[in-house]
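1. I'd like to go over a predicted model; first the sequence, then the structure.
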Amino acid sequence: LKNGCLMIFVYYYKNMESKFNRFFFLFFLISFFPFSLSARNKKQITVKVLLQSMPRKSFDSWVVYAPKGFVIKNQRSGKVFKKSSQKKMTIANKGGYLVCNGTVCNCRTLLVGPQGGYFEWDKKQYKGGLLIVCHKDRLLGINCLDLESYVYCVLKSESWPGWPCEVNKVFAVMCRSYVIAQIDEADRAKRLYHVKNTNVHQTYNGLHDCKIIKQAVEETKSQVLLHNKKPILAMFDSCCGGVVPKNIDNGLDFKKAPYLARKKACKYCKSFSIYSWQAEYSLQQLCSFLRPVWGTQPIYGLKIVKRDKAGLVKQVQIRGKKRTKLVSGQEMYSCIPGVKSFCFSIKKKGKKIVFDGRGYGHHVGLCQWGARQMVSKGYGYKKILQFYYPGTRLRRW
């Protein structure tokens, strides 16, 4: 249609007698052409998710299933190596080369995809293909799929499917922005995959059939948050606990990501039970939890010695019989299961140590329970995203 319009414009331009009309038409044509060209050249974004990484020495085999059989390609050349109607594919490693159902493929990289539908691996179903890579001393299993399918799949784990569609639209834009930013970072670092399937990046467990999530993804298709014309690293946690991100000192460079330095406190999550928490332990239990950072000696007490401007714990002193040691708030959060955030206090209650805290997560970016409350108060997904990521713009990517 655009090309047909272009021909009509050229025809009329040639037949115009007025120089003014010709100039106006030429200006319009130049403005129109880049739009047509950019729309034509737009490429589909593929997300590469690391599902598993195994040492080659201890690797035995991976078994993949596909209801309609497989297509096996050389990932670099795109050449089809083999088509198989077999529903089961066993992938092994022999001397650094990949072996599929007993056939040596004489290459270190293969893309194994279903002939239709999905493939199943480790009791989970996935769209796209499975990229198998022999890289140095490891074997990598990477799921390659289109961006919108990835966002749809990842929201089952990173969202609450029972929540309203408007909340899931917030999360869809957030997750899409985050993964595109990670793709850019991975390409610069020359990493073979873009994201891991764990909460190191975003928890990803393959296909599901939630209709609300599907609707949210479709209604926000291609929409991302931009800062300086680039997709943002849209961090989020479950509940921020009312902490002001601008005051947090956790190593984040807020100059590069000013949209994470929100100055206004989120008060929307305060009404939920997840907002505050308490954990109580004996000194013996704490000794067991803190063994990676303290050792096996008995613990006599804990004391917070440093907080940042946001009130988050930076350092805790562990006191033993003959020595003391400073550990970070991050280490406390990682080692003690009941510590759910970095905003907490410590007090002694009889023979027990009690932790009282607020929030669930790292307190940076979007607060999921806060977003849920904002929707219940009538806010749309665009307004919510602007509140949690100030200074960003919502655009199609």
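-> Happy to help now that I have it. Residues are numbered from 1 along each chain as shown.

2. contacts and neighbour counts: CA atoms only from here.
-> Will do.

3. Does H201 touch V195 like I think?
-> Yes: judged on CA atoms under 8 Å, H201 makes contact with V195 at a distance of 6.0 Å.

4. Please identify which of those two sits among more neighbours.
-> V195 (25 against 16; other CA atoms under 10 Å).

5. Dig out what the more buried one forms beta bridges with.
-> The partner list for V195 in beta bridges (DSSP bridges) reads V49.

6. any idea how far it lies from Y275?
-> The spacing between V195 and Y275, counted by CA to CA, to the nearest Å, is 29 Å.

7. swap in N143?
-> When N143 is compared with Y275 (using CA to CA), they lie 36 Å apart.

8. higher neighbour count, these two?
-> Here N143 and Y275 are set side by side on neighbour count (other CA under 10 Å), and the busier one is N143, at 27 against 20.

9. From the contact counts, what lies against the helix or strand hosting the more buried one?
-> Secondary structure assigned from DSSP states H and E places N143 in strand 138-146. Using 3 or more CA pairs under 8 Å, 6 or more residues apart in numbering; DSSP states H and E as the contact test, the elements touching strand 138-146 are strand 46-55, strand 129-135.

10. any chance of those strands in JSON lines, with mean neighbour count and mean pLDDT too?
-> Below are the helices and strands packed on strand 138-146 laid out as JSON lines (neighbours: other CA atoms under 10 Å; pLDDT from 0 to 100):
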{"stretch": "strand 46-55", "mean neighbour count": "19", "mean pLDDT": "96"}
{"stretch": "strand 129-135", "mean neighbour count": "22", "mean pLDDT": "92"}
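
11. Adding distance to Q285, write the ones you listed out as TSV.
-> Below are the helices and strands packed on strand 138-146 laid out as TSV (distance: least, CA to CA, whole Å):
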stretch	distance to Q285
strand 46-55	33
strand 129-135	42
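
12. Next, the buried residues of the longest helix along the chain.
-> Identified as the longest helix of the chain according to DSSP state H is helix 165-189. Of all the residues in helix 165-189, those buried under the rule 16 or more other CA atoms under 10 Å are 165-183, 186.

13. Can you show me the strands along the stretch 151-300 of the chain?
-> Under the criterion DSSP state E, counting those that start in this stretch, the stretch 151-300 of the chain carries strands at the ranges 195-196, 223-227, 230-231, 236-237, 276-282.

14. okay if I get the ones you listed as a markdown table plus mean pLDDT and distance to H135?
-> Output for these, formatted as a markdown table (pLDDT from 0 to 100; distance: least, CA to CA, whole Å):
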| stretch | mean pLDDT | distance to H135 |
| --- | --- | --- |
| strand 195-196 | 98 | 16 |
| strand 223-227 | 98 | 33 |
| strand 230-231 | 96 | 29 |
| strand 236-237 | 95 | 32 |
| strand 276-282 | 97 | 44 |
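
15. can you tell me which of the ones you listed comes nearest to N101?
-> Of all the strands of the stretch 151-300 of the chain, strand 195-196 sits nearest to N101, with 27.2 Å by CA to CA.

16. Point out the other helices and strands that that closest one packs with.
-> strand 46-55, helix 165-189.

17. Output these as TSV; include the columns distance to K94.
-> As requested, the helices and strands packed on strand 195-196 are arranged in TSV below (distance: least, CA to CA, whole Å):
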stretch	distance to K94
strand 46-55	13
helix 165-189	29
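
18. what's the closest of the ones you listed to R138?
-> Across those, R138 has its closest neighbour in strand 46-55 (4.4 Å, CA to CA).

19. Can you tell me which helices and strands the closest one packs against?
-> Checked by 3+ CA pairs under 8 Å, 6+ apart, strand 46-55 has strand 138-146, helix 147-158, strand 195-196 packed alongside it.

20. Redo the ones you listed as TSV? Include distance to D60.
-> Compiled in TSV, the helices and strands packed on strand 46-55 are given as follows (distance: least, CA to CA, whole Å):
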stretch	distance to D60
strand 138-146	11
helix 147-158	29
strand 195-196	22
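
21. of all the helices and strands packed on strand 138-146, which lies closest to S84?
-> When the helices and strands packed on strand 138-146 are compared for distance to S84 using CA to CA, the nearest one is strand 129-135, at 14.6 Å.

22. neighbouring strands for the closest one, and are they parallel or not?
-> strand 109-114 (antiparallel), strand 138-146 (antiparallel).

23. closest to L290 out of the strands of the stretch 151-300 of the chain?
-> Shortest separation from L290 across those is recorded for strand 276-282, at 12.0 Å, computed as CA to CA.

24. Contacts for that closest one, please.
-> Strand 276-282 is contacted by residues 241, 338-340, 351-359 when judged by CA atoms under 8 Å, 6 or more residues apart in numbering.

25. Out of the helices and strands packed on strand 46-55, which is closest to M54?
-> Nearest to M54 among these is strand 138-146; the distance by CA to CA comes to 5.2 Å.

26. then that closest one to PDB, C-alphas only?
-> Once non-C-alpha atoms are left out, strand 138-146 reads as follows in PDB (Å, rounded to 0.1, in the frame of the first residue of the first chain):
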ATOM      1  CA  ARG A 138      30.500 -26.300  29.400                       C
ATOM      2  CA  LEU A 139      27.300 -27.300  27.500                       C
ATOM      3  CA  LEU A 140      24.600 -24.700  27.400                       C
ATOM      4  CA  GLY A 141      20.900 -25.200  26.700                       C
ATOM      5  CA  ILE A 142      19.300 -22.000  25.500                       C
ATOM      6  CA  ASN A 143      15.700 -21.400  24.600                       C
ATOM      7  CA  CYS A 144      15.300 -19.000  21.600                       C
ATOM      8  CA  LEU A 145      11.900 -17.500  21.200                       C
ATOM      9  CA  ASP A 146      10.200 -14.300  20.100                       C
END
